[in-house]
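> Build the 3D model from these lines:
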Amino acid sequence: MDSFTQIVLGIATAEVVAGRTLKNKTFLYGAVLGTLPDLDVVVGSFLSDVDGVAIHRGLSHSLLFFLLLSPVLGAVLAKIEKGTLSFKRATCMVFWCLTTHVLLDMFTSWGTQILWPLDHRFALKTIFVIDPLYTVPLLIALLYVFRNKSFVTRHLYVLRGLWISSGYLLLTCILKLIAVQKFETALAQQNIVYHELIVKPTAFNTILWNANIATTKGYYLSDYSFFDSKPVSFTYYPKDISLEKKLETSTDFKKLKKISEGWYLVTQQDGLLYFNDLRFGLLTTSNEKLQFAFSYVFTPTTNNNFVVTEVPKAKRDGKLLLQKIFTRLQGN
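Residues are numbered from 1 along each chain as shown. Now for the predicted structure:
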């Protein structure tokens, strides 16, 4: 999730665990601890585009890392708040602020390697990385917490905020199940044979959902809005094995295949090869310039090698995409 949401959740968690003793200091400690796992982005900025993506939400988002880090940071906080915060409570606060960060990230499309060093990423794919319907109720609750000194009143408000936000997460799971059923029914009606289906929400809403459908020779992409009146339709994108073979010797290509969990297409434009991660949808659908949200261009160098860089996303593309989503979620 976005950093602001993780800050809000971190504060709420710190308030639940240590609000009685720390009072409004939970806003400081919760904000720092709530964003701590995402410092892997800073580390990634010193790596290549591919390696930076590979480490995101890996070790820094794992229970093993939290179990090792929590007592260390707990000891530091207990020393800072000597006489106010015990080592045990400080350690619990650190652990739960870090863990709730990861649990929330698991609801997004990218997911987390919460059981690192295992490779599997746990991703429920029920919310977009920025979702005001989750963040706002929790933020309002914290405003009331900040203004009150009574622990009982503060505790009541923060629990209400957490219950409302958590209830919304449960609702997104139900909405996804409905969307999945719509896509599965449409695939059966159109006699499309497939071996895997993933469904995820579009940006800033849980009304319009995208679907990726894998077949032996390519992929179908589709979307469905709860306001649709027409049947679900699918657009087919064939695999080009000949293009993939040109990248077989590239280590970055192997890494990207792993990162994308097999959901990718290799395309060619202007003589250059592109690796397109299908999981996050399209920015543009023009036949002349097909651009996915996450693409990497392979620029050939000497010795049959490649320099791999992420394709930048223009602000104009983002605005057009949001306009398209807003129009589409109103139904067809």
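
> Give me the phi and psi for the nearest residue to Leu272 once chain neighbours are set aside.
Leaving aside its chain neighbours, Leu272 sits nearest to Val297 (5.5 Å; criterion: C-beta to C-beta, 6 or more residues apart in numbering). Just so you know, the C-beta spots here come from the backbone N, C-alpha and C atoms, and that holds for glycine as well. Main-chain torsions, Val297, degrees, to the nearest 10: phi -100, psi 130.

> Over to Gln6?
phi -70, psi -30.

> so the residue nearest to Leu272 bridges to which residues?
Beta-bridge pairing for Val297 (DSSP bridges): Tyr274, Thr309.

> if I look at it, how far off is Leu256?
Using C-beta to C-beta, to the nearest Å, Val297 is found at 12 Å from Leu256.

> Then Lys239?
Per C-beta to C-beta, Lys239 is found 15 Å from Leu256.

> The two: who's more crowded?
Legend: neighbour count by other C-beta atoms under 10 Å for Lys239 and Leu256, higher for Leu256 (24 against 16).

> list the buried ones in the longest helix belonging to the chain?
Scanning the chain for the helix with the most residues, using DSSP state H, yields helix 151-189. Under the neighbour-count criterion of 16 or more other C-beta atoms under 10 Å, helix 151-189 has 154-155, 157-158, 161-162, 164-165, 168-169, 172, 175-176, 179-180, 182-184, 186-187 buried.

> Relative to the whole chain's centre, how far out is that helix?
Counting by C-alpha atoms, centre = their mean, to the nearest Å, helix 151-189 is centred 16 Å from the centre of its parent chain.

> okay, the following helix or strand past that helix in PDB with CA atoms only?
Downstream of helix 151-189, the next assigned helix or strand under DSSP states H and E is strand 196-201. Extracted as PDB, the C-alpha positions of strand 196-201 are listed here (Å, rounded to 0.1, in the frame of the first residue of the first chain):
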ATOM      1  CA  GLU A 196      -5.100 -20.100 -15.000                       C
ATOM      2  CA  LEU A 197      -7.100 -17.000 -14.200                       C
ATOM      3  CA  ILE A 198      -6.200 -14.000 -12.000                       C
ATOM      4  CA  VAL A 199      -8.600 -11.200 -11.200                       C
ATOM      5  CA  LYS A 200      -7.700  -7.800  -9.600                       C
ATOM      6  CA  PRO A 201      -9.300  -4.400  -9.100                       C
END
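
> between Val297 and Leu256, what contacts are shared?
Val308 (C-beta atoms under 8 Å, 6 or more residues apart in numbering).

> Poorly predicted segments of the stretch 151-300 of the chain, please.
For the stretch 151-300 of the chain, applying pLDDT under 70 flags the ranges 284-289.

> Which residue ranges of this structure form helices?
3-22, 26-35, 40-44, 49-55, 63-80, 87-105, 132-147, 151-189, 241-245, 251-259, 315-328.

> May I see those arranged in JSON lines, with distance to Phe226 as well?
JSON lines is the format used below for the helices of the chain (distance: least, C-beta to C-beta, whole Å):
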{"stretch": "helix 3-22", "distance to Phe226": "24"}
{"stretch": "helix 26-35", "distance to Phe226": "32"}
{"stretch": "helix 40-44", "distance to Phe226": "34"}
{"stretch": "helix 49-55", "distance to Phe226": "32"}
{"stretch": "helix 63-80", "distance to Phe226": "35"}
{"stretch": "helix 87-105", "distance to Phe226": "24"}
{"stretch": "helix 132-147", "distance to Phe226": "15"}
{"stretch": "helix 151-189", "distance to Phe226": "8"}
{"stretch": "helix 241-245", "distance to Phe226": "37"}
{"stretch": "helix 251-259", "distance to Phe226": "31"}
{"stretch": "helix 315-328", "distance to Phe226": "12"}
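
> Thanks a lot, see you next time.
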